[in-house]
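**Student:** Any chance you can model this:
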Amino acid sequence: MQYVPLRSNYRIGTRQSELALVQTDSVIEQLHKFYPSIQYEVIKIKTIGDKNLLDPLAHIGDKGLFTKELEVELNKNTIDFVVHSLKDVPSTVLPPNMVIGAILERADPRDAVVIAPWHNKTSLNELPHGSVIGTSSTRRIAQLKLNYPQFEYKNIRGNMNTRWEKLNNRELGYDAMIAAVAGLQRLKWTNRISEIIEPDRVLYAIGQGALGIECRHNDTDTIRMLSVLNHEPTVVCCVAERAFLKRIGGGCSIPNAVCTVYNEKELKIDGVLLNLDGSRFVKDRVENLDLTKPMVITKSGSSLFVSSTDNDFLSLDDDTPPIDGSSNPMNSNQSHNKSDIDSIRIFNPSSSIPLSVTSTETTTTEVAPLLRHYAHVCGVNINETILENAELCGTNLAVKLMQMGADSILEEIQQRVTTISS
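**Tutor:** Below is the predicted model:
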């Protein structure tokens, strides 16, 4: 039975760019299919990343460049949820009481090459030596330098419209730019794509191509209302990717990337961590042939695989509920409506202050459930064991890369970023 929302009007926060508004409108359109009588008010908000268009993202800060101001309004209850490009949402930590309430079906997650219109070229390989490629992503730069060392890479900031204008301004010297295929598709700019870069050359960003909807964790009504938009294969892949990033750490200054494939039961996730110029990297894959079965601890050579009973690794995420069933009051074999929750104090959806419930005999704090999350994603109506194992796959991949030398690469990046910042 479909959930019946408690409100007739919801307020949606969004960035002001054309792409952000197109994405928000697409979410509203899909919600209207399920809730035709509900109204949605769009509230436009400018973020740090939108205000500073000069500095590379890695120099501004690591986390929340395109989400912080939206989350402030969400915390103040001036909006009910926010539509994000999921790749912009930090995986390492969200503000208290914030979760991803739903993830929509993923568009093409790959990167695209858009060549300046005065070039009669169709791919990077056709561009002359020394061509200037515009991108502000350390992930893209590191991988492109590895595969295309003959080019110069130059910061190109701004929304999609601004970047297109910069590419068309010949005086600025850009020969091509790199952008997400999904963004170009949503703007109906696919005719501007010169080449799509396959993951064997450039892996994509965590969550790229997917829309994630952030809301308050204590606003169960909004989460339930949004759950009709959850696309299970996308949710499963993005949970694995976000768990990978959460364990490996890092933000805009860390070149890490993934490629994830989920087919009913089987999940494969490839991941890479590089230094800033692509000269050093660690790369590996984790596979689970059946996510419906609990994972077990195994060892293969020097690779340690984390299982649902490995509390040493799982305890690193202190805001993640126990998932081994031993300390969770709801066993994972129970139905989702019972097992996807953690018992904590009840919250008023319009306030962050716990409510005290008074009886005739004594005053107590009532215990009520919140929906369980995986790497900050609430996968309502999705099999819990599948989500647990997807999260563990991402964590396992990060652990494998750490064993292969990711620590020294991260240390090198930190030293270089600190030097640049100072």
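**Student:** May I have the phi/psi pair for Cys259?
**Tutor:** With angles defined as degrees, to the nearest 10, Cys259 sits at phi -150, psi 120.
**Student:** That one: neighbour count?
**Tutor:** 20 (other CB atoms under 10 Å). All C-beta atoms are positioned from the backbone trio N, CA, C, and that covers glycine.
**Student:** Pop the domain breakdown of the protein in here.
**Tutor:** Following the assignment in automatic domain parsing, the chain carries domains at 9-108+206-325+375-410, 111-203, 336-371.
**Student:** winner for burial among these?
**Tutor:** domain 9-108+206-325+375-410 (a mean of 20; mean count of other CB atoms under 10 Å).
**Student:** Can you give the distance of that domain from its chain's centre?
**Tutor:** Relative to its chain's centre, domain 9-108+206-325+375-410 lies at 3 Å (CA atoms, centre = their mean, to the nearest Å).
**Student:** Quick one: the helices in the stretch 1-150 of the chain, in order.
**Tutor:** 18-34, 48-51, 57-60, 68-75, 138-147 (DSSP state H, counting those that start in this stretch).
**Student:** Touching the fourth one from outside, list them.
**Tutor:** Around helix 68-75, the neighbours that count as contacts under CB atoms under 8 Å, 6 or more residues apart in numbering are 13-15, 43, 45-48, 64, 79-82, 84, 94-95, 97-98, 214-216, 352.
**Student:** Mean pLDDT and distance to Met1 for the domains of the chain - can I get that in TSV?
**Tutor:** Rendered in TSV, the data for the domains of the chain read as follows (pLDDT from 0 to 100; distance: least, CB to CB, whole Å):
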stretch	mean pLDDT	distance to Met1
domain 9-108+206-325+375-410	84	11
domain 111-203	96	32
domain 336-371	38	12
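**Student:** Throw those into JSON lines and include distance to Tyr3, thanks.
**Tutor:** Shown next, in JSON lines, are the domains of the chain (distance: least, CB to CB, whole Å):
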{"stretch": "domain 9-108+206-325+375-410", "distance to Tyr3": "4"}
{"stretch": "domain 111-203", "distance to Tyr3": "27"}
{"stretch": "domain 336-371", "distance to Tyr3": "11"}
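**Student:** Nearest to Gln2, out of the ones you listed?
**Tutor:** domain 9-108+206-325+375-410 (6.7 Å; CB to CB).
**Student:** got the end-to-end distance for that closest one?
**Tutor:** Taking CA to CA, to the nearest Å as the measure, domain 9-108+206-325+375-410 stretches 45 Å from start to finish.
**Student:** Spit out the contact partners of the closest residue to Asp111 other than its chain neighbours.
**Tutor:** Distance criterion CB to CB, 6 or more residues apart in numbering; nearest residue to Asp111, sequence neighbours excluded, is Ile197 at 4.7 Å. Residues in contact with Ile197 (CB under 8 Å, 6+ apart) are 110-113, 124, 178.
**Student:** Sitting in strands, which of these do you find?
**Tutor:** Of the contacts of Ile197, the ones assigned to strands by DSSP state E are 111-113, 178.
**Student:** Any chance of the residues you listed in a markdown table with distance to Leu392 as columns?
**Tutor:** Listed next are the ones in strands among the contacts of Ile197 as a markdown table, based on distance: CB to CB, whole Å:
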| residue | distance to Leu392 |
| --- | --- |
| Asp111 | 28 |
| Ala112 | 32 |
| Val113 | 35 |
| Ile178 | 32 |
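**Student:** Among those, which one sits closest to Ile382?
**Tutor:** Asp111 (28.0 Å).
**Student:** Touching, the closest one and Ile178? I think so.
**Tutor:** Yes. Taking contacts as CB atoms under 8 Å, Asp111 lies within contact range of Ile178: 5.4 Å.
**Student:** what residues does stretch 374-383 touch?
**Tutor:** By CB under 8 Å, 6+ apart, stretch 374-383 touches 91, 94, 98-103, 212, 217, 223-224, 227, 230, 232, 235-236, 238-239, 242-243, 246, 292, 320, 336, 340, 371-373, 387-388, 390-391, 394.
**Student:** again, but for stretch 236-246
**Tutor:** Looking at what lies outside stretch 236-246 - CB under 8 Å, 6+ apart - the contacts are 86, 91-92, 103, 106, 206-207, 210, 212, 256, 258, 260-262, 267, 269, 271, 291, 317, 374-377, 379, 382, 386-387, 390-395, 397-398.
**Student:** what's near enough to touch the residue nearest to Phe281 when sequence neighbours are not counted?
**Tutor:** Nearest non-adjacent residue to Phe281, counting by CB to CB, 6+ apart: Leu274, 4.0 Å away. Contact partners of Leu274, counting by CB under 8 Å, 6+ apart, are 139, 142-143, 146, 255-256, 280-281, 409.
**Student:** tell me which of those residues is nearest to Lys188?
**Tutor:** Arg139 (25.6 Å).
**Student:** so Asn275 touches Ile409, yeah?
**Tutor:** Yes. Counting by CB under 8 Å, Asn275 does reach Ile409; the two are 5.2 Å apart.
**Student:** Show me the common contact partners of the two, please.
**Tutor:** Joint contacts of Asn275 and Ile409 (CB under 8 Å, 6+ apart) are Phe281.
**Student:** for the spatially closest residue to Leu211 that is not a sequence neighbour, phi and psi?
**Tutor:** Once flanking residues are discounted, Leu211 sits nearest to Leu104: 4.5 Å by CB to CB, 6+ apart. Per-residue torsions, Leu104: phi -90, psi 170 (degrees, to the nearest 10).
**Student:** With the one 3 residues further on instead?
**Tutor:** The main-chain torsion angles of Ala107 are listed as degrees, to the nearest 10 and equal phi -80, psi -180.
**Student:** Distance check, it against Gly207.
**Tutor:** 11 Å (CB to CB, to the nearest Å).
**Student:** Assumed Pro369 was part of a strand.
**Tutor:** Yes. Under DSSP: H, G, I helix; E, B strand; the rest coil, Pro369 falls within a strand.
**Student:** follow-up on the earlier one: what do Asp111 and Ile178 both touch?
**Tutor:** With CB under 8 Å, 6+ apart, Asp111 and Ile178 have common neighbours 140, 197.
**Student:** Please compute how far stretch 95-112 lies from its chain's middle.
**Tutor:** With CA atoms, centre = their mean, you get 5 Å for stretch 95-112.
**Student:** Which of the contacts of stretch 236-246 fall in helices?
**Tutor:** 386-387, 390-395, 397-398 (DSSP state H).
**Student:** Considering these, which is situated nearest to Leu31?
**Tutor:** The closest of the ones in helices among the contacts of stretch 236-246, once distances to Leu31 are taken by CB to CB, is Leu387, at 22.9 Å.
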